[in-house]
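# With the input below, show me the fold.
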Amino acid sequence: MGDIYSGNLKLGIIAGGQLAKMLIQEASKWDISTFVLDQEDDCPAGQIATRFVRGSRFDFEAVYNFGKLVDVLTYEIESINVEALYKLKSEGIQLLPDPSILELIQDKGKQKDFYWQHGYPTAPYQHYASKNEILEAIKQGRLKFPFVQKQCKEGYDGRGVAVINNEHDVSKLLDAPSIVEEKVTIDREISVIVARNASGQIKSFPVVEMEFEPNANLVDKLLCPAQIPENIARDAQQLAESLIESMNMIGLLAVEFFLDVHQKLYINESAPRPHNSGHHTIESNLTSQYEQHLRAILNLPLGDTQILKPAVMVNLLGEPGKQGPVRYEGLKEALAIEGVKIHLYGKKQTRGYRKMGHITIVANTLQEASEKAEKVKQILKVTTWSKN
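Alright, predicted model coming up:
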């Protein structure tokens, strides 16, 4: 990518959720025209894009026709019609990351095979075509409890995952092609976001630590920097940097790790796009993940990723049992706390555990940020105007 001239570059983003919205907010600083494809008229990104195009990311014609409108095409989600992307690439449209990366990440089985074949640490696993195959393996003693089943395709945000601790849990098994991996005894879960541009420059962000909401299996809270030894943090960053190079990928890659009780790292999975584990970078780092993604796909020099202040990020989830037009309670009280930065995604309808926004709390120490985050979690609630 050569010089960017004001207003001339057309950036297309497939899917119009909150990640696309925050990417557009960064792109607007450089006067980049943004186009969004989504099937929902009131999607978060569609409200601020230069141009909104209604269409399904699964439909060949919709994706293909959208791609012909723009100069550079990127994504906020992996589940896209890849055949349309390959056709666009063959016709000279610049797609970043490359469709081959999406095709790899779309299938958790192929993703795990890549890690294993390239020598990256990941939990031992096996492929299974169906629920019956898994049950037969248990019956024959070839598969031992506990284990984790991960659906190969269409799983996200905790969906498509079944944790099977004993025979009483087998009713949770998913009947779809999947991988079954040994259950790692996890000490904590961490993430590294790394970027690479076409010139081969690579930079990773400091390691973050993630805490999960147990009922929805979604990230509930994120701490930056992660409270782990420096050598482990360095190893995680080096693994992420090596992985994006092995993939020959241009763009932003979020790599999630398990750290077990013996302090051994395992790659869990990765995502070739801005990620929930990088929202805090808007306030806490010199360069945000969204700016870094733009720099990477436009082959610009990558930005400095240093931490300006420790931060805690809290996902703002819809209250369980609440569904209907969204209502935010406690906004004024939360904003009265110093260092609290609230991001509402613009989703008009709420439901239980739906991601409606996030809050980043920056402070002089991580402990101070954590204490304020707990206060915010008690104050700020996502409810509804409906009587339900």
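# wait, M356 sits on K347?
Yes. Between M356 and K347 there is a contact at 5.6 Å, judged by C-beta atoms under 8 Å. Placement of C-beta: from N, CA and C, glycine included.
# what residue is smack in the middle of the protein?
H275 (3.0 Å; C-alpha atoms, centre = their mean).
# Quickly note the distance from the residue of the chain positioned farthest from its centre to E167.
What lies farthest from the middle of the chain is Q140; by C-alpha atoms, centre = their mean that is 37.4 Å. Q140 sits 14 Å away from E167, going by C-beta to C-beta, to the nearest Å.
# go on, S270?
S270 is 32 Å from E167, by C-beta to C-beta.
# Mind exporting the C-alpha coordinates of stretch 63-82 to CSV?
C-alpha atoms of stretch 63-82 as CSV (Å, rounded to 0.1, in the frame of the first residue of the first chain):
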residue,chain,number,x,y,z
VAL,A,63,-19.8,-10.9,-0.3
TYR,A,64,-18.5,-10.8,-3.9
ASN,A,65,-20.5,-7.7,-4.9
PHE,A,66,-19.5,-5.9,-1.7
GLY,A,67,-15.8,-6.7,-2.3
LYS,A,68,-16.0,-5.1,-5.7
LEU,A,69,-16.9,-1.7,-4.1
VAL,A,70,-13.7,-1.3,-2.0
ASP,A,71,-9.9,-1.0,-2.3
VAL,A,72,-9.0,-3.1,0.7
LEU,A,73,-11.2,-5.7,2.4
THR,A,74,-11.0,-6.9,6.0
TYR,A,75,-13.2,-8.7,8.5
GLU,A,76,-14.5,-8.6,12.1
ILE,A,77,-15.5,-12.2,12.2
GLU,A,78,-14.2,-15.5,10.7
SER,A,79,-17.4,-17.1,9.5
ILE,A,80,-17.6,-15.7,6.0
ASN,A,81,-18.2,-17.2,2.6
VAL,A,82,-14.6,-18.0,1.7
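# for the record, mean pLDDT for that stretch?
Mean per-residue pLDDT for stretch 63-82: 97.
# in the longest helix anywhere in the chain, what's buried?
Secondary structure of the chain per DSSP state H: the longest helix is helix 230-246. Buried positions in helix 230-246, judged by neighbour count with 16 or more other C-beta atoms under 10 Å: I232, A233, D235, A236, Q237, L239, A240, E241, L243, I244.
# ditto for stretch 120-140
Result for stretch 120-140 [16+ other C-beta under 10 Å]: buried residues Y120, T122, A123, Y125, Q126, Y128, K131, E133, I134, A137, I138.
# Just the pLDDT at the residue farthest from the centre of the chain, thanks.
Looking at Q140, its pLDDT stands at 95.
# Tell me the backbone dihedrals of it, please.
phi -80, psi 0 (degrees, to the nearest 10).
# Please report how far it lies from H279.
Taken as C-beta to C-beta, the span from Q140 to H279 is 45 Å.
# same check, this time on L380
Applying C-beta to C-beta to L380 and H279 gives a distance of 15 Å.
# All set, thanks.
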